[in-house]
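Enquirer: Generate coordinates for the sequence data below:
(chains A and B)
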Amino acid sequence: MVSDDRHGGEAAHDAMERTQAPTATAAGRPLLEMRGIVKVFPGARALDGVDLEVLPGEVHCLLGQNGAGKSTLIKVLAGAHQPTEGQILIDGEPVTIPSPVAGLKLGVATIYQELDVVDGLTVAENVFLGHELDSAGFSRRREAARRTRELLARLGHGNISPHREVGTLSAAGKQVVSMARALSHDARVIVMDEPSAVLDTGEVATLFRIVRELKAQGVAVVYISHRMEEIRQIGDRITVLKDGRTVAQNLPVASTPTRELIRLMTGRTVEFDFPPRPGVPADAPVVLDVENLGLRGVFEDVSLQVRAGEVVGLAGLVGAGRSEILETLYGARRATTGSVRVDGQRLRPGSVGAAVGAGIGLAPEERKSQGLLLDEPVYRNITLSTFGRFARGGLLDERAERKVAREQVAALDLRPAQVERAARTLSGGNQQKAMLARWLVHGCRVLLLDEPTRGVDVGARAEIYGLVRRLADAGTAVLVVSSEIPEVLGLADRVLVVAEGRVVHQSAATEIDEHRVLDLVMEGSAA
Amino acid sequence: MSEPTIGARTTAGDDIAHRLPGQDAGTAGGHQQAIDSGSRRWSSSGAARNGGLVVALALLCVVGWATAGSRFASLQNVEVILSLAAVTGVLAIGMTFVITAGGIDLSVGSVLGLASVWASTLATQAMAQQYGWVVMVGCALAVGLGAGLVNGVLIAYGRVVAFIATLAMLAAARGLAEIIAGRRTQIVTVDSFLDIFRGDLLGLPVIVWIFLVVAVAGWFLLNRTTFGRRTVAVGGNPEAARLAGINVRRHTLYLYGLTGLAAGIGAVMMLARTTAGSSTNGTLLELDTIAAVVVGGTLLAGGRGTIVGTVLGVLIFSTLTNVFIQNDLNSSVQAVAKGAIIVGAVLLQQWFARRDTATT
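Expert: All right, here's what the predicted structure looks like:
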């Protein structure tokens, strides 16, 4: 007893020291280290030098926006991807993790956001999935049930029967099963990818209790989330990723202000020269007029106007409903309330065809999955919305398509300037240019840009900004969504701040600064 | 054929990997190189695939000539092979569109049976005696198109998975054919129909001409029209196609109408070839059709389709059958060989796909 107490005291003391010395290498030997991890996919550099250091018994929060590289990093850690460069160390020993099974053997388990449990099997069967207990080929169901019960009890969920079919459990229950599985592998590091995303408030409290128990048992938890409040409650130290790089490492949760974290996540490491804003004449006609637009459960009562030649930015955190607003006014989702007008003409709700016909173009956030035909040549991607216009009597005029595509490629400086190339082979920035070219050919009145510079190389971003401004100068109404606040403030004429599905602020971009936006975002999110 | 490109990709990757941190301006070169190799790979593999099929077909012909001599290598026999290929071929052209668009139509064989029965009932034939063969052809095409549109409505607007909707049609159309025919074989007695469709034109059977015309029209439709472009777009990335303003649902409806129409044309050819409408016409033809399309190089996942490949695929199967028949080998051995060809072709296709697809 006495010695136990002393140990406890020492541990607490250690923890104190760690929080005071962010780069604690001497204090406790890291359980897991990742050094200079680089992961290159053809055409994209998903990770570009990530460092991570996780101590035993800590909750290490991994923070970053969508596209910062969190998912890729987890996959590298789980053995699903092989790093192009860099080193992974467990207990100070360099290791390679060639497969997910190897990862589990090394004691690294991952709880994915889309829970990887099999609904048709029982809890016990799921826990021992892939390492079933058997003797001479016969499964030892009673033993599996007993050990499952133990694991569930360890997680504070002895009430779940090992014989229950997993499909009948709630998302929270499934998560517990997933964690029991991790523990059944004697995991020492458990990676949780936005575990709270599928849970309601009460369940989140339970999750936190489990995380604390795991922590008390010396298990290290890598906790991925972009919800600041959660990190405050549960985290010990924070590593922030941005653009595939570690921008801050081992920040103590207790003493790092939220604003600082958001700045690290959303801020610019490089200053950009944004194109000059000529200003929108007061008599410029309103092109896009959105009134009381709402989508039940996602956003409500959004009203906004964009004039010809104006760039309007929607700022806010991921999940605030910005992308959904764009998709709804584009007709890709059917609005439950409100109306969208282009040049005074009301659009048929829920019809992309109507929106495109009225001259709205969308460059979606997920270019690869929502925007491009990756195996088709660039020119066909550019003319995807307009090939019918070049056609005569249903017959394609590919020569005309190539010609107009070449003109766009030259005008936008899309590299390499070969329109026959498969879109897949282009870099992110050039894929985005192809998307812009599509709408330039279409000649749209309203351009919707969702995260226009996501996955775009630093060098190409300035070009994209320049293009957007040129489009606006030519009289297009532009609506931009970006998670990067400096981008919205630098690019847009007017800024709308969105939090929790509502527009909480509206002003000229020059009348608001980054701090004020952050305050608004946080106020709105807290409400 | 693969060596140099794979090498180029690795080199380009290394280029990027060895870049120093913070040297952002220097990336262009590395990207450029990676991109170059990517494009060459893409364009060369498509030609290589059709080339592979031609080689396979040529090998089969050599085997046929070596084993059966002049019985195989005669003009009559070529005609036999083409006639054998014609019905499956027409169905396969229609199927190429549906599969290119990421769908599947399991009902073509049954729909062909239904259309052949409907177009040869006593009532239809009586009308045809009076008004000419057009009645029978019109009936077959209308039945095929109608069944296809029912599939299309269920899939596009009822959001039933294509596999299930067309499986249901496979069962229902066959059953309806049996009901109409009363399980009897309906002999075609309309002379005007038989004269035209069993005849020859410029030395080739008319049904072979129909196959050729459908194939050329199919190639044209897929490669040279907005309809074809939409088909590839819908199959390649349905979400991107939708967000670009293409009416994906309406197009899906048209596509299944097209395969139905192809089945109707196939029914006419079947009636001509067998001179009988039977509810068993076209049984299991959907599988031969799909096999030919897939062996031809059209991606089952959608987004890439080739009419030339489909025609070659159909010819490979009919030549194979012919070689086996010429050598008096039974149909069981044939079936095993067919199976092996399908597996081989799909393995090859996957290998191409893995090599082409960037891991993301």
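
Enquirer: For the stretch 301-450 of chain A, what lies in contact range of chain B?
Expert: Contact residues (C-beta under 8 Å from any C-beta of the partner chain) of the stretch 301-450 of chain A with chain B: A:330, A:332, A:352-353, A:355-357, A:362, A:364, A:368-376, A:380, A:384-385, A:387-388, A:391, A:394-396, A:415-416, A:418, A:420-422, A:424-427, A:438. Quick note: C-beta positions are derived from backbone N, CA and C, even for glycine.

Enquirer: which ones among those are found in helices?
Expert: Among these, the residues falling in helices (DSSP state H) are A:352, A:353, A:355, A:356, A:357, A:380, A:387, A:388, A:438.

Enquirer: neighbour-wise, which of the residues you listed leads?
Expert: Highest neighbour count within those: residue A:355, with 26 neighbours (other C-beta atoms under 10 Å in any protein chain shown).

Enquirer: follow-up on the earlier one: got a quick PyMOL command for the buried subset of the residues of the stretch 301-450 of chain A next to chain B?
Expert: The following PyMOL line selects those of those that are buried, judged by 16 or more other C-beta atoms under 10 Å in any protein chain shown:
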select buried, chain A and resi 330+332+352+355+356+362+364+368+370+371+372+373+374+375+376+380+384+385+387+391+396+415+416+418+421+422+424+425+426+427+438
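
Enquirer: still on that earlier bit, from the ones in helices among the residues of the stretch 301-450 of chain A next to chain B, which is closest to residue A:242?
Expert: The nearest member of these to residue A:242, counting by C-beta to C-beta, is residue A:438 at 28.8 Å.

Enquirer: Report the contact partners of residue A:213.
Expert: Residues near residue A:213 by C-beta atoms under 8 Å, 6 or more residues apart in numbering or on different chains: A:154, A:155, A:156.

Enquirer: and those residues, which are buried?
Expert: The buried subset of the contacts of residue A:213 (16+ other C-beta under 10 Å) comprises A:154, A:155.

Enquirer: Redo the contacts of residue A:213 as CSV? Include pLDDT and secondary structure.
Expert: Putting the contacts of residue A:213 into CSV (pLDDT from 0 to 100; DSSP: H, G, I helix; E, B strand; the rest coil) gives the following:
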residue, pLDDT, secondary structure
A:154, 82, helix
A:155, 80, coil
A:156, 79, coil
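
Enquirer: Distance check, the residue nearest in space to the middle of chain B against chain A.
Expert: Compute the mean C-alpha point of chain B, and by C-alpha atoms, centre = their mean the closest residue is residue B:92, 2.4 Å away. Using C-beta to the nearest C-beta, to the nearest Å, one gets 22 Å for the distance from residue B:92 to chain A.

Enquirer: That residue touches residue B:294, doesn't it?
Expert: No: counting by C-beta atoms under 8 Å, residue B:92 stays clear of residue B:294, with 10.0 Å between them.

Enquirer: Name the residues contacting each of those two.
Expert: What both residue B:92 and residue B:294 touch, as defined by C-beta under 8 Å, 6+ apart, is the set residue B:313.

Enquirer: surely residue A:410 meets residue A:417?
Expert: Yes: counting by C-beta under 8 Å, residue A:410 does reach residue A:417; the two are 6.6 Å apart.

Enquirer: Residue A:323 is in contact with residue A:450, correct?
Expert: Yes: the pair residue A:450 / residue A:323 is scored as a contact, 5.4 Å apart, by C-beta under 8 Å.

Enquirer: which of the two has more neighbours?
Expert: Set residue A:450 next to residue A:323 and count neighbours by other C-beta under 10 Å: residue A:450 wins out with 24 against 21.

Enquirer: Once you drop chain neighbours, what's closest to that one?
Expert: residue A:365 (4.0 Å; C-beta to C-beta, 6 or more residues apart in numbering or on different chains).

Enquirer: quick one, phi psi at that neighbour?
Expert: In terms of degrees, to the nearest 10, the main-chain angles of residue A:365 are phi -60, psi -50.

Enquirer: what do you get for the one 10 residues further on?
Expert: Residue A:375 adopts backbone torsions of phi -90, psi 0, taken as degrees, to the nearest 10.

Enquirer: quick one: pLDDT of it?
Expert: Predicted confidence (pLDDT) at residue A:375: the value is 88.

Enquirer: sorry, back to before: count the neighbours of the residue nearest to residue A:450 for me.
Expert: 23.

Enquirer: who touches it in this structure?
Expert: Residue A:365 touches A:323, A:450, A:451, A:454, A:481, counting by C-beta under 8 Å, 6+ apart.

Enquirer: Same question for residue A:441.
Expert: Per C-beta under 8 Å, 6+ apart, neighbours of residue A:441: A:382, A:383, A:385, A:386, A:404, A:405, A:408.

Enquirer: tell me the mean pLDDT over whatever helix or strand it lives in?
Expert: Using DSSP states H and E, residue A:441 maps to helix A:428-442. Average pLDDT, helix A:428-442: 90.

Enquirer: Taking the ones in helices among the residues of the stretch 301-450 of chain A next to chain B together, which two end up most distant?
Expert: A:355 and A:380 (21.5 Å).

Enquirer: Residue A:410 and residue A:417: which is more packed in?
Expert: residue A:417 (13 against 10).

Enquirer: Can you tell me the closest non-neighbouring residue to that one?
Expert: Residue A:417's closest residue in space is residue A:409 (C-beta to C-beta, 6+ apart), at 5.0 Å.

Enquirer: quick revisit: of the contacts of residue A:365, the lowest pLDDT goes to which?
Expert: At the low end of pLDDT for those is residue A:454, which has 80.

Enquirer: In the chain, what helix or strand scores lowest on average pLDDT?
Expert: As the question left the chain open, I've gone with chain A. Counting by mean pLDDT, DSSP states H and E, the weakest-scoring helix or strand in chain A turns out to be helix A:2-20, with a mean of 39.

Enquirer: Which SSE is immediately downstream of that one?
Expert: Counting by DSSP H and E, the element after helix A:2-20 in chain order, helix or strand, is strand A:32-41.

Enquirer: care to break chain A down by domain?
Expert: If you go by automatic domain parsing, the domain ranges for chain A are A:28-266, A:286-371+A:443-526.

Enquirer: mean pLDDT lowest for which of these?
Expert: domain A:28-266 (a mean of 85).

Enquirer: Sounds good, over and out.
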